[in-house]
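> Attaching a predicted model along with its sequence, questions to come.
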Amino acid sequence: MIRLAVFGTGRIGAVHALNAAAIAGVEIVYLVDPIASDARASIARQTGAQVVDAAEVFADPGIHAVIIASSTDTHAELLVQAAQAGKAIFCEKPVSLNFALVEEVTRQVEQAGVPCMLGFQRRYDPNFRMVRERIASGEAGPLEQVVMHTRDPSPPPVSYVERSGGMFRDQAIHDFDMARYLLGEEISTVYAVGGCLIDPAIGAAGDIDTAMITLTSVSGRFVSMNNCRRAPFGYDQRLEALCAREVLYVENTGVHAVRVGDATGFRTAQPMNYFIERFADAYRNEMVAFIDLLRNGTAPLAGIRDGLEAQRLAEAAQVSMQTGLAVQLHRDWSPAQS
């Protein structure tokens, strides 16, 4: 029996806890969340888990692994505590909003040698996986360009914006990770522009709601990222990969697949409401992969080093937007050097 503790019982914590509990031979033993809520009570009831504090989790030698899905400002400390206690780790992104701290935590986790998986769920989406596999196998031919679109259904509340770390670290970090995943190599240049075109309150809070980013890989290939906090038709998540022999597309997933025709024309369903619904299969798949990591040592598609590198790109994009210049990256680049 794999015995787990889950930190955080908000929206994503509930997804991970219930997905893990649905896997045969897995038990959610503890929940850690200082805020009493209907969600926490519901998850405890559905999983049979006990609500405890963090110290009890790390002191229990019977806990094999932890799932960290609490607020971002808790991730770094929990990662270090879990590593010191010898617990395997699944952690949502980002590790921290402080890049120097991300570097230090990555060093400590790697030095401890505990298995650690980062929650970049798009790597486990069947469609994105197929694109990656056709590129990696050589079937599609050499990859030359990638274009990604990520747009939320509507802007988040300012209270969220103020603690999110900014659009690049929050929303776009998944696109930065996908760029590295598809290219199979690192990025050498980041150029970003951004502004507030939708919600002035987001600008007043010090963030942006619209951005375009261009990445150049070390071998000279290109990625174009279009990010926005609003799409008039709902959640927009698309990708195009131009290869020498194929062009690979990932389109939006509709709430149903029926096409309706009448005298006014043809209609298809609107996209799934938001990322939780759109990537439901990916979230299930990544938790299956985490349990496979625990049972069989199977390497995850995204580890803590991938979290560090994706955030390095987010930090470079922030610097580029602020300076108006392209940022030239190297292995140890950090925003402190700019």
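Looks like it came in fine. What you are looking at is a predicted structure, and each value in this text was computed from that prediction instead of being measured.
> so what's Val95 up against?
Residues in contact with Val95 (CB atoms under 8 Å, 6 or more residues apart in numbering) are His75, Ala76, Leu79, Leu101, Val102, Val105, Thr106, Leu118, Ile304, Gly307, Leu308, Gln311. In short, each C-beta sits where N, CA and C put it, glycine included.
> and those residues, which two are the farthest apart?
With distances taken as CB to CB, the most widely separated pair in the contacts of Val95 is Leu101 and Leu118, at 15.3 Å.
> Between these two, point out the one with more neighbours.
Leu118 (25 against 15; other CB atoms under 10 Å).
> show me the contacts for the more buried one.
Going by CB under 8 Å, 6+ apart, Leu118 touches Cys91, Glu92, Lys93, Val95, Pro300, Ala302, Gly303, Ile304, Asp306, Gly307.
> Please tabulate those residues in TSV, including the columns pLDDT, distance to Val190 and secondary structure.
Output for the contacts of Leu118, formatted as TSV (pLDDT from 0 to 100; distance: CB to CB, whole Å; DSSP: H, G, I helix; E, B strand; the rest coil):
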residue	pLDDT	distance to Val190	secondary structure
Cys91	98	24	strand
Glu92	97	23	coil
Lys93	94	18	coil
Val95	96	19	coil
Pro300	98	25	coil
Ala302	98	20	coil
Gly303	98	22	strand
Ile304	97	21	helix
Asp306	98	17	helix
Gly307	97	17	helix
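> Nearest to Gln237 among the residues you listed?
Among those, Lys93 lies closest to Gln237 (CB to CB), at 16.2 Å.
> The closest one: what's it in contact with?
Leu118, Gly119, Phe120, Ile173, His174, Asp177, Gly307, Ala310, Gln311.
> can you check Phe266 too?
Arg259, Val260.
> now it: how far from Gly254?
Phe266 sits at a distance of 13 Å from Gly254 (criterion: CB to CB, to the nearest Å).
> And for His149?
16 Å.
> Neighbour count: those two, which is higher?
More crowded of His149 and Gly254, by other CB under 10 Å: His149, with 18 against 14.
> If you rank the contacts of Val95 by neighbours, which is first?
Busiest of the contacts of Val95 [other CB under 10 Å] is Gly307, holding 29 neighbours.
> possible to save the contacts of Val95 as TSV with secondary structure and distance to Glu144?
Shown next, in TSV, are these (DSSP: H, G, I helix; E, B strand; the rest coil; distance: CB to CB, whole Å):
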residue	secondary structure	distance to Glu144
His75	helix	36
Ala76	helix	37
Leu79	helix	37
Leu101	helix	36
Val102	helix	31
Val105	helix	35
Thr106	helix	31
Leu118	strand	28
Ile304	helix	30
Gly307	helix	27
Leu308	helix	27
Gln311	helix	26
